[in-house]
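*Asks:* model this:
(2 chains, ligands or ions: 2)
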Amino acid sequence: MTIVNTSGDAVEQGWRTVESVESSGPHHGIIVSPAILQDSFDESDSAALSQVGVRLTVDDDVSEIAAYVPHLGLIELVFAHFKDGRPYSAATTIRRDYKFTHELRASGDVLPDQAIFLIRSGFSSVDVPDQFTAQEFKKSLMAYSVAYQSAYDSHLSLIDELRRSTPDVAAE
Amino acid sequence: MYVYDSLDKTLLNQRVAEFRDQVKRRLDGDLTEDQFKPLRLMNGLYLQLHAYMLRVAIPYGTLSSDQMRKLAYIAKTYDRGYGHFTTRQNIQFNWIELSTAPDLLYDLSEVDLHAIQTSGNCIRNVTADPYAGAAADELDDPRIWSEVIRQWSTLHPEFSFLPRKFKIAVTGSKADRAAIKFHDIGLKIVRNNEGVLGFAVYVGGGQGRTPIVAPLIKSFLPAQDLLRYLDAVLRVYNRHGRRDNIYKARIKILVDSMGADSFAAEVAAEFDRLDPELLSVRDEDVSRLRDMFAQPFLRPDPDASSSLEDLVKKSPRLGLWFKSNTHPHKTPGYSIVTISLKPIGGIPGDATAEQMFAVADLADRFSLGEIRVTYTQNLILPHVRQADLFVLWQELERLNLATPNVGLASDIIACPGLDYCSLANARSIPISQRISDRFADLNAQHDVGPLDIRISGCINACGHHHAGHIGILGVDKKGEERYQLTLGGQGNGESEVGKIVGPGFDEDGIVDAVETVVSTYLTLRTKGEEFSQTLARTGQGPFKERLYDNR
Ligand code: HEM
Ligand code: SF4
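*Replies:* Residues are numbered from 1 along each chain as shown, chains lettered A, B, ... in the order given. Ligands and ions are numbered 1, 2, ... in the order given. Model prediction:
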C-alpha cells in the first residue's frame, strides 16, 4: 500500500484502518467508518478527533457527520469506480463548505491519469491501487503546467489571474 | 475569431503529449482496453464496427480557412479522403489507426484544433448559432460566451466524470438556430428591463430514448454570473444524477424526477454557497474576447440586391439557390450563404478532402476566411458580398456544393446508422439517400416548401428524429430492419417532440410513406401554409388515413 502526496511522492502511511475502537484510547491515527465514529467519539472532543480519520463511500453523506468534520485528522473518500465522479464534488464540498484543511485522501478505483483532477479538486493524498505505481501518478501530475479553471490547489487559471499576470500573453 | 495564445497552446501541446504516452502504454500492453477506453474517449476516439472513429471538436461550429485546410489534409492523410460533419457541429473521421492517432492530434494542434471532450461523460464541445456575428436579429455574439464556457469546461477537475455526457448550446438571437432546448443546458442571451446582458437558462432537454424539451430554470442570469451558475448546476447533477442505469443518467431525468422548481431551488442554494469572486466572468476578459470575435468592417452595399435580381432572372437555378441557400446578413448588401452537403442521393454531411480544400479557398476569397458548421450538417460562409454571389454560386456548382435544397425535403439529417455504428438497429444513410432521390426534382421541393426530415438508426437519436417534421427511427423487429415514422417534431426555431404515427415500415415502405405524407400535405394545405402548419391544423388523422387505410 503506497500513499502519494500532492507532488506524487510516496509518503509514510501514518494511518491504519480499524474495525472497532477500544473506548479507553488514546488513539493514534486510526481510520473508521462513519458509524464507528459516531458511536465512539464525542463530536466536540477535538483533541481525540485529530487522531481519527473517517472513510466515506460514494453513498455516504458527509452532512451526517458534519459536526465532526472540522476536527478530523483525515477524511478518505473511496472511489467505487474510476468513472463514478461523485467524490470530486464531495471533495469540493468538504473543502469549501466544511472548511476542512487536513488530509483528504482518495482511495479505491482511481487511475494515474486522474491524478491531476484529484489534486485540483482538493485531495491531498492518493492511496495508489495495487496495479499502479507512485511513479505513474507522479508522471501524470507533471503532464500539465497550466489549467483553465481556478481550483483548490491553485487560483491561477487561464481564465483570469494567470492570463493577466503573464506579461507576454497580455501583450499578444 | 478566437486565437490561441501561448497558454492555450501550452495546454494543448501537453494534452497531445499525454495522449501519445497513453497510446504507447496501450500498444505496449501496460494499459488494458478497459483502462484505456475512458482515456481515448476523452480524446474523441471511439471503436466502431470497422475501425477507430475520431471526432474532432469544431468549437461552437466556427472554423477558419486554415483549420478547414487542415481537416482536408487529415481526411486525405489519415482517412479515406473524406470526413463527416455531424449534428453537433463536429467532424468525424471513420477510418483511423490507433498507432497514428497521436500524430493526427499533433497535426490538428498546429491549427488550434483538438478532440478534447468530444466523447466521454464530460462537458462536450459547446455548440452555438451558426449565424453568430452575422445575423440581424442577434443581441450578442454567442461565440464570446461559448468560448468562456469552453475554457472553463476544458479538463475540468470536478466535472470530467459525470453520470453521463453533458451538452451546452448557446444562442444570441431571437430565432433559435441551435436547438438549445434539446440540450442539457440551453442558454439564450437576453437583456432584462434595465438593459443588463444575461441569459435565460434552460436545463434538462435531450433526445435519445426519452425526448424532453428543456424547462426554463432561470429567466434571467446576469452574464457575469454565468460560470458560477453553471458550476452550481453541474455540482447538483454530479451529486444526484443517476449512475445505476445509463438510460436514466442524463440531467433531463434528474430535472424531470425532482421537478424543475425543486431542481432550480437546489441549484440556487448551491449558487449562493459559491464565492462570487472566484467564478465571476470579468468585463475585461469579456471585452478581450469581444474584440477577437468582432468582424472586420464590411462596407454596406445597399444597391447590390437590385443587380442580383437581374442575374436571378437569367438563371432559374441560381434563383432557387438564392432563395433557399442564402439568408440576409446584418450588413446591407451581404448574405449568409449555406453550402449544401446534401447533394441529391448523397450521404448527408460527408465532404471530400477536395471539397474541404476548395471551401477553404472560397472562404478566403468571399467570406473573410470564415466558415461555420451547422447542426443540420451543412457548411456556411457567413459574410459574402451579394456582388460576389454569382461567382461563388458558379464555383459551388462546379464542386457539387450548390444543391438548392437548404431547409427542404432533401436537406435530410441522418446519423451514421448501421453502416458505421455498432449500436444501430438499422441503416440510416441509404434511407436518406433513397428519400433524397425520390424528391430529386428541386422545383418540386421548392413548391413543397420548408420540410425537415430526420433519421436515426436507433433510439439514441443521434439523427434528432424526434425533432424533425418527419422523423424516422430504425428499429429491430425480430432481426429485421424496420422504420418507425413520427410527425410533428420541431427542432428549428420551435422545439417540439414528434409523435409516432402508427405501425412501422420496411425499407421500401418507409420511402413510400414519406412520399405519401408529403402528397397528403399538398392536397390539404391552404395557400401559403407550410407543412408543419398544416399538420398542426389537421392533426395526424388525414395522414394516418392515407398511410394505413388502403394497405
Ligand atoms: C458512430 C457512432 C456513434 C455512436 C456509437 C453514438 C452513440 C450515441 C449514444 C449511445 C447516444 C445516446 C446517449 C444518451 O442519450 O445518453 C447518442 C446520442 C447522440 N449522438 Fe451519437 N453516436 C454516434 C455517432 C453520432 C453522430 C455521427 C452524431 C451526429 C451526427 C451523433 C450525435 C448525437 C446526438 C445529437 C445525440 C443525442 C444527444 C441527446 O440525447 O441529447 N452521434 N449517440
Ligand atoms: S442513433 Fe443509434 S445508430 Fe445512429 S449513430 Fe446514434 S447510436 Fe448509432
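*Asks:* quick one, what contacts the residue of the stretch 101-250 of chain B found nearest ligand 2?
*Replies:* Nearest residue of the stretch 101-250 of chain B to ligand 2 (C-beta to the nearest ligand atom) works out as B:Gly208 at 8.6 Å. Yep, even glycine has a C-beta here, placed from its N, CA and C like the rest. By C-beta atoms under 8 Å, 6 or more residues apart in numbering or on different chains, the contact set of B:Gly208 is B:Tyr247, B:Arg250, B:Ile459, B:Asn460, B:Ala461.
*Asks:* which helix or strand contains it?
*Replies:* With elements delineated by DSSP states H and E, B:Gly208 resides in a region that no helix or strand encompasses.
*Asks:* B:Leu187 too?
*Replies:* Here B:Leu187 sits within strand B:185-191, counting by DSSP H and E.
*Asks:* give me the helices and strands touching that strand, please.
*Replies:* helix B:142-153, strand B:168-171, strand B:197-203, helix B:226-240 (3 or more C-beta pairs under 8 Å, 6 or more residues apart in numbering or on different chains; DSSP states H and E).
*Asks:* what is the burial count for the closest residue to B:Tyr247 other than its chain neighbours?
*Replies:* In space, and not counting its chain neighbours, B:Tyr247 is closest to B:Arg209: 5.4 Å by C-beta to C-beta, 6 or more residues apart in numbering or on different chains. Neighbourhood size, B:Arg209 [other C-beta atoms under 10 Å in any protein chain shown]: 14.
*Asks:* need the contact list for B:Arg209.
*Replies:* Contact criterion C-beta under 8 Å, 6+ apart gives B:Tyr247, B:Ile459, B:Asn460, B:Ala461 as the residues in contact with B:Arg209.
*Asks:* at 10 Å instead, please
*Replies:* In this structure, B:Arg209 makes contact with B:Ile246, B:Tyr247, B:Lys248, B:Arg250, B:Ile253, B:Cys458, B:Ile459, B:Asn460, B:Ala461, judged by C-beta atoms under 10 Å, 6 or more residues apart in numbering or on different chains.
*Asks:* state the pLDDT value of the first one.
*Replies:* Reading off the confidence values, B:Ile246 has pLDDT 90.
*Asks:* partners of the strand holding B:Leu187, with directions?
*Replies:* For strand B:185-191, the paired strands and their directions (DSSP bridges) read strand B:168-171 (parallel), strand B:197-203 (antiparallel).
*Asks:* name the strands paired with the helix or strand hosting B:His327 and say parallel or antiparallel.
*Replies:* B:His327 belongs to strand B:326-328 when elements are defined using DSSP H and E. Within its sheet, strand B:326-328 is paired with strand B:334-339 (antiparallel), according to DSSP bridges.
*Asks:* past the strand it pairs with, which element shows up next along the chain?
*Replies:* Moving toward the C-terminus from strand B:334-339, the next helix or strand (DSSP H and E) is strand B:350-352.
*Asks:* buried stuff in that next one?
*Replies:* Buried residues in strand B:350-352, counted by 16 or more other C-beta atoms under 10 Å in any protein chain shown: B:Asp350, B:Ala351, B:Thr352.
*Asks:* what does stretch A:112-130 give?
*Replies:* Buried residues in stretch A:112-130, defined by neighbour count with 16+ other C-beta under 10 Å: A:112-129.
*Asks:* okay, angle between the helix or strand of chain B at the bottom of the mean pLDDT ranking and strand B:334-339 too, please.
*Replies:* Ranked by mean pLDDT, DSSP states H and E, the weakest helix or strand in chain B is helix B:304-314, scoring a mean of 75. Between helix B:304-314 and strand B:334-339, the angle comes out at 40 degrees (axes from the mean of the first three to the mean of the last three C-alpha atoms, to 10 degrees).
*Asks:* can you tell me how far the closest residue to A:Leu56 other than its chain neighbours is from B:Pro215?
*Replies:* Spatial nearest neighbour of A:Leu56, chain neighbours left out: A:Leu77 (5.5 Å); criterion: C-beta to C-beta, 6+ apart. Distance of A:Leu77 to B:Pro215, computed by C-beta to C-beta, to the nearest Å: 33 Å.
*Asks:* between those two, which one's more packed in?
*Replies:* A:Leu77 (27 against 18).
*Asks:* need the contact list for the more buried one.
*Replies:* By C-beta under 10 Å, 6+ apart, the contact set of A:Leu77 is A:54-58, A:60, A:62, A:86-88, A:90-91, A:94, A:104-108, A:110, A:118, A:121-123.
*Asks:* I appreciate the help and will end here.
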